[in-house]
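Novice: Give me a 3D structure for the following:
(2 chains)
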Amino acid sequence: MLLAFILRRIFWLIPVVVAVTTITFFLMHRAPGGPWDREKPVAAATLKALDQKFGLDKPVWVNIEEVRARWQAGQRNPIRLLGAFLDSQYFRYLWGLVRLDLGPSYRSKGTESVQSILWRKFPPTAKVGVVATVFAVMVGVPLGVLGALKQNSWIDYVSLTVATLGVSVPSFIIGVLVIIFLSQVFGVKPIRQPEEWRGFSTAYLAPGIVLGLGTMSYLTRLTRSSMLEVIRQDYVRTARAKGLSEFQVVTRHMLRNALIAVITVLGPAVAALVTGSFIIETIFNVPGMGREYVVAIAARDYSMIMGTTLMYALFVALANLWVDVMYGFLDPRIRV
Amino acid sequence: MAAQTPAPGATPTSAAVTTPTGEKILRIHEYTYPDVFDPQKSSFSNEIALLHMNYEGLTRLDQNLNTVPAAAESWEFNQDGTVVTFHLRSGLKYSDGTPLTAERFRCAVERTCDPKTAGEYQSILFDIVGCQEFAETSPNDQAKYEEARQKLGVEAPDDRTLIVRLTHPAPYFPTIASLWVFYPARKELIEQGGENWWKDPKLQVGNGPFQMVEVVEDQRIRFVANPNYWEGKPKLDAVEIIYQKESSVALEAYKAGQIDMFSPDPSQLPAIKSDPELSKQLVTYPAATTIMLSFNLTKEPFTDKKVREAFAYAFDRKTYCEQIRNGDCTPTLEWIPPGIPGHIGTDKYAFDPQKAKQALTESSYGGPEKLPEIKLTYNSDDPAARPRVEWIAGQYRDILGVTITLEPVDGKTLVAMRKDPKTYPQMVFSGWIQDYPDPQNWLSVYWKCDATFAQRFGYCNKQFDDIVTKADQELDVKKRIELYKQAHQILIDDAPGPFLYNPLNIWLVKPYVKGYSPTPSDDAFLGEFASLMTLDIQR
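Specialist: As a prediction, this is how the structure comes out:
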């Protein structure tokens, strides 16, 4: 039953991917400028050769000119004509996608494919994301629970203050402050050694925690308000009345129900965390893919824009699937 | 001390060159990791800086930006200046000991012009016979491709002679022979590595003063001294380029002794200048770059020269550089920067509110009231741009009484707009970063009627064209520079837009770094062009 549900949802990913591809592809080509546009223009001959090399000389949507040319040359075979019709940048990209080929990155002048760049740059990003997620959950949820249990006490105010600071101070300020603080107080070098990003090292702690601050704050507030909602429910009073320990009441009866809201936001939040942040990676010099999102758009690196967008879409979709599966475990009344 | 500590785990990979540990290592900070560092494909200054350490062309620039012998010990033109013959030094070697022959340089030229390479700077060699034709050939047509390749006007009759035939007399060509497109990357290693060859330092075997030995993407690139360099071994044992995009983190790393050289952001200058320690470590000098406010000469009101004059007079360049840009530039009133042949030192259209108002009154509009709407379009990618353009609009409002609308657009969109006079903004920042220190690069490449740049905003002056064309082919150096100065004066008189400033190269340099001679061409680091052999660390 559950397996069938998961399979069905994975099958539904196909139309999602096609829709995301199509929308992104055409929006991207609507933006003025192209990958070879420079302050100092490239010679016409060079431009032509580059466009040809990367198939950018083909029409974006469908290739009507090619059909016309072949028709006039006496070609009547409908399959051949359809092939010519689909010989466009868009359908070439879709065909590449079927073969799991995301195309050459234009910023690297086509010397490397998008999938190999993402494959190399994703692990450091994911590691920062994992640290951020663990931090957000391990700190955010307990802080929220305490805030709700001791409502309007000093613990509640501390949790409120931390959460407010966490969401309202931008990460590029906190990030730089953390680096200066670590450098001046503990003598931690502001630029980490490149070797530290291979495998796991303490270098991942600071960027992970700074990245997780926003989510942590959000989880704190969310956990607190969900807890306050269930705290006065009848079944909680019943649990207390039948003599359960306070710990059991909180974890089994209150938290389990309060977590449904938390899990709902956690899915997409994790997807965002593990696919990286431009700002955090820039400040902490993480050799990850977060930077690719922004740089690719500014450079009109079409294939990289597509690659990163699809990857993000896939992560969000999978995270939502995970959320739906988790509902079933947390609340048996929700059937998947 | 930190400068002498070798980084842990930094293992030299090139077989020929080993790193003597615990020696003099210069650590240079850079903001942006290069997209591609392949001599025949690179185009950005951060890419060229790396190649320039690893390789050397036939010629190079000295500290006065003269073109001097490098791999070639001499060269001569034929009588009409259309054939240049380079004579290579004897016994030239790559860093691994392989002999470096003239054929290697021929290959570099061929690879640059090759349509399969399609490097963004290939057009810089279009002065060579057959280069443009080769570049325009379709690589799919094997016969035509081969024919065009054969016709390329460059040959290496023996190991030490390279003959280059030019489409027209080009006295500046020896300077072009110093550029990265001429760097003799090894054909067999490129083929071995495929498209990605340049990422592997083992395949980047060079002939420059340093040899690349380690590449850690987005983080660090390491070079060691090349013992086989013809001039001997440089004073430094190794150079590390350390990448970090955020200037505040880089400043902290500089303070913590992690980097020895760093170019601060203009916004950090006030704090650095007021710091007793750091202010002493600041080195500044003008760069060979000129920024102007460019007008679209095909659109009203800038078709009227009097209006352009008014806008040129009304710009207070000194205040702009000192206060609005925190002193990261020096004002200029002309196109060619100081230190480059062809610079005049003019005072035409210097800041004068009175003359500005008068010029506007004398224009066909008679004053500010009848002017059409004027838009200043600017690149919104740089967050510092907004307050600057607001200041400019404020100045023009206060002095001339004109209202200027500000239009922010992103970088790539702006580049796209500037391709055509129809979409070229009325008013936009524009400039030139020199490719090589020759007035031909400043005037002919940019301002001639058939130049891509001039066509975009509609500048065309036949008189200017005639003089510049003559100068481009004049073999007598003195006469040549004189002609360029005449042409430059015509350009200044035409007021195509107020010339504003030359940016300053600004570096924080640790006091133990010695032996650098700044040149206006430096861009990636202090002493980039004329000091690779002499840069040193002394404590």
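
Novice: and whichever strand or helix holds A:P268, how far out from the chain's middle?
Specialist: Secondary structure from DSSP states H and E places A:P268 in helix A:256-274. Distance of helix A:256-274 from the chain centroid (Cα atoms, centre = their mean, to the nearest Å) equals 14 Å.

Novice: contact partners of it?
Specialist: For helix A:256-274, contacts defined as Cβ atoms under 8 Å, 6 or more residues apart in numbering or on different chains pick out A:125-126, A:128-130, A:132-133, A:136-137, A:141, A:145, A:211-212, A:215, A:218-219, A:222-223, A:226-227, A:229-230, A:233, A:312, A:315-316, A:318-320, A:322-323, A:326-327, A:330-331. To be clear about C-beta, it is placed using only N, CA and C from the backbone, and glycine gets the same treatment.

Novice: Go through the helix of greatest length in chain B and flag the buried ones.
Specialist: Secondary structure of chain B read by DSSP state H shows that its longest helix is helix B:477-494. By neighbour count on 16 or more other Cβ atoms under 10 Å in any protein chain shown, the buried set for helix B:477-494 is B:480-481, B:483-492, B:494.

Novice: where along chain A do the strands fall?
Specialist: In chain A, no segments count as strands under DSSP state E.

Novice: Output the below-cut-off pLDDT ranges for it.
Specialist: Within chain A, the ranges that satisfy pLDDT under 70 run A:335-336.

Novice: for the helix ranked longest in it, which positions count as buried?
Specialist: If you go by DSSP H, chain A has its longest helix at helix A:114-149. Of the residues in helix A:114-149, A:114-115, A:117-118, A:121-122, A:124-133, A:135-137, A:139-141, A:143-149 count as buried by neighbour count, 16+ other Cβ under 10 Å.

Novice: just for chain B, where's the confidence low?
Specialist: B:1-22.

Novice: Relative to chain A, how far out is B:V213?
Specialist: 14 Å (Cβ to the nearest Cβ, to the nearest Å).

Novice: ok so B:K202 is a strand residue?
Specialist: No. When DSSP: H, G, I helix; E, B strand; the rest coil is applied, B:K202 is found to be coil, with no strand at that position.

Novice: dump the residue contacts of the residue in the stretch 51-200 of chain A positioned nearest to chain B.
Specialist: Closest residue of the stretch 51-200 of chain A to chain B, Cβ to the nearest Cβ: A:P194 (3.7 Å). By Cβ under 8 Å, 6+ apart, the contact list for A:P194 reads A:P287, B:V216, B:Q219, B:R220.

Novice: now for the longest helix of chain A, which elements pack on it?
Specialist: For helix A:114-149, the packing partners by 3 or more Cβ pairs under 8 Å, 6 or more residues apart in numbering or on different chains; DSSP states H and E come out as helix A:154-168, helix A:205-231, helix A:256-274, helix A:278-284, helix A:290-298, helix A:302-330.

Novice: how long is stretch B:203-219 from one end to the other?
Specialist: Using Cα to Cα, to the nearest Å, the end-to-end distance of stretch B:203-219 comes to 20 Å.

Novice: which of the residues in it are buried?
Specialist: Neighbour-count burial for stretch B:203-219 flags B:203-216, B:218-219 (criterion: 16+ other Cβ under 10 Å).

Novice: cool, stretch B:532-539 as well?
Specialist: Quick answer for stretch B:532-539 (16+ other Cβ under 10 Å): B:L532, B:M533, B:L535, B:D536, B:I537.

Novice: before we move on, back to that, could you identify the most distant pair in the buried residues of stretch B:203-219?
Specialist: Pairwise distances across those peak at 27.2 Å for B:N207 and B:D218 (criterion: Cβ to Cβ).

Novice: Wait, A:E66 touches A:L82, no?
Specialist: No. Assessed by Cβ atoms under 8 Å, A:E66 is found out of contact with A:L82, at 11.0 Å.

Novice: contacting residues around A:V42?
Specialist: Contact analysis of A:V42 by Cβ under 8 Å, 6+ apart lists A:W36, A:L50, B:E120, B:S123.

Novice: what do you get for B:V216?
Specialist: Applying Cβ under 8 Å, 6+ apart to B:V216 gives the contacts A:P194, A:P287.

Novice: in the sheet, who's paired with it?
Specialist: Beta-bridge pairing for B:V216 (DSSP bridges): B:R220.

Novice: Kindly report the residues of the stretch 1-150 of chain A close to chain B.
Specialist: Listed as neighbours of chain B in the stretch 1-150 of chain A under the rule Cβ under 8 Å from any Cβ of the partner chain: A:31-34, A:36-43, A:45-46, A:48-50, A:52-53, A:107-112, A:120.

Novice: Give me the subset of these lying in helices.
Specialist: A:A45, A:T46, A:K48, A:A49, A:L50, A:Q52, A:K53, A:R120.

Novice: separation between A:I173 and A:I283?
Specialist: Taking Cβ to Cβ, to the nearest Å as the measure, A:I173 falls 10 Å from A:I283.

Novice: Check which helix or strand B:V283 maps to.
Specialist: Per DSSP H and E: strand B:282-286 holds B:V283.

Novice: what's that strand in contact with?
Specialist: With Cβ under 8 Å, 6+ apart, strand B:282-286 has contacts from B:272-273, B:330, B:337-339, B:502-509, B:518, B:520, B:526.

Novice: by contact count, what packs against the next helix or strand after that strand?
Specialist: The element immediately downstream of strand B:282-286 (helix or strand, assigned by DSSP H and E) is strand B:289-295. Applying 3+ Cβ pairs under 8 Å, 6+ apart, one finds that strand B:289-295 contacts helix B:305-313, strand B:427-433, strand B:499-509.
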